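Q: Make a model of this:
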Amino acid sequence: MDDEAPAPKSPEKLPPAPAAEVPPPPPPTDVPAPPPGPEGIPAEPAPKAKKEPKRPKKKYVYELKLFERYELSEVVVHDPGLARYINLTAIVIPHTGGRWANKPFGKAKYNIVERLINGMMRSEEYTGKKAKAIRVVRRAFETIAERTKENPVQVLVNALEKAAPREEITRLRFGGISVPRAVDVSPSRRLDMALRNICVGATSASFKSRKAIQDCLADEILKASRGEMESAAVAKRDELERIAMSAR
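A: Here you go, the predicted structure:
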């Protein structure tokens, strides 16, 4: 009988690698360990760490400023008669599109700067060109703020108070004769006349002159705010009051 082939040798089994020791987790440092209790009484549970309070989210508040520069809430009207008609509602661009044009006393709802802009649209150069008139008033306000270091809206309000006439004349007919008589001017009409005279004085000063219209408007507002007779609006007010005094 033939000799059988020797069986293949099985590979030697290697001993298993020792398992890596996992270090125990470190004890928490911020939480103190509970004190050991007496015999038979379980120890008190460890207090939970307090969560930090959530910080309140900052809310961005957008302040409405005229031309994003001038604050209207700090403007003060000293004349009590004109206070109810000088509108100082916060607005960025004074352009409401004639929203209250056909309503009684609707003009009192317009911002006083917008009424000044509307008054500048009188000559053929600015008729219907609201954007151009807004640019003129904005540049005039920049000039006023640079010269006086004050809020130009406050300077405008002071100019309107100084340029508003208190008396004017009307004509009464007695038989076939018309006699002039002095009458008081309503606050609404006083404001209308002051705005008109300031705008007309500025456009007249720039006519046939090298001076820009915004500089003429700034000069007119500054002179009227100081009550100077060089202002066309103040001169017109004195003329009306002088004629009314002679017709009393």
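
Q: Not counting sequence-adjacent ones, nearest residue to residue 214?
A: Nearest residue to residue 214, sequence neighbours excluded (Cβ to Cβ, 6 or more residues apart in numbering): residue 139, at 4.0 Å. For the C-beta atoms, the positions are set from N, CA and C on the backbone; glycine is no exception.

Q: oh, I was asking about residue 76
A: Nearest non-adjacent residue to residue 76 (Cβ to Cβ, 6+ apart): residue 154, at 7.1 Å.

Q: what about the one you found, how many residues close to it?
A: For residue 154, the neighbour count with other Cβ atoms under 10 Å is 20.

Q: Provide a list of residues in contact with residue 129.
A: Neighbouring residues of residue 129 by Cβ atoms under 8 Å, 6 or more residues apart in numbering: residue 121.

Q: Distance from the helix or strand hosting residue 140 to the middle of the chain?
A: If you go by DSSP states H and E, residue 140 is part of helix 130-148. A distance of 16 Å separates the centroid of the chain from that of helix 130-148, by Cα atoms, centre = their mean, to the nearest Å.

Q: Which residues does whatever helix or strand comes next after that helix contact?
A: The element immediately downstream of helix 130-148 (helix or strand, assigned by DSSP H and E) is helix 152-163. Applying Cβ under 8 Å, 6+ apart, the contact partners of helix 152-163 are 66, 70, 72, 74-79, 82, 86, 88, 112-113, 116, 140-142, 144-145, 148, 191, 194-195, 197-198, 220-222, 224-227, 231, 233-234, 236-237.

Q: how near is the residue nearest the centre of the chain to residue 73?
A: The residue lying closest to the centre of the chain (Cα atoms, centre = their mean) is residue 65, at 1.3 Å. According to Cβ to Cβ, to the nearest Å, residue 65 and residue 73 sit 9 Å apart.

Q: Same check on residue 146?
A: Distance, residue 146 to residue 73, by Cβ to Cβ: 22 Å.

Q: on that earlier part again, contact partners for the residue nearest to the centre of the chain?
A: Residue 65 neighbours (Cβ under 8 Å, 6+ apart): 71-72, 90, 92.
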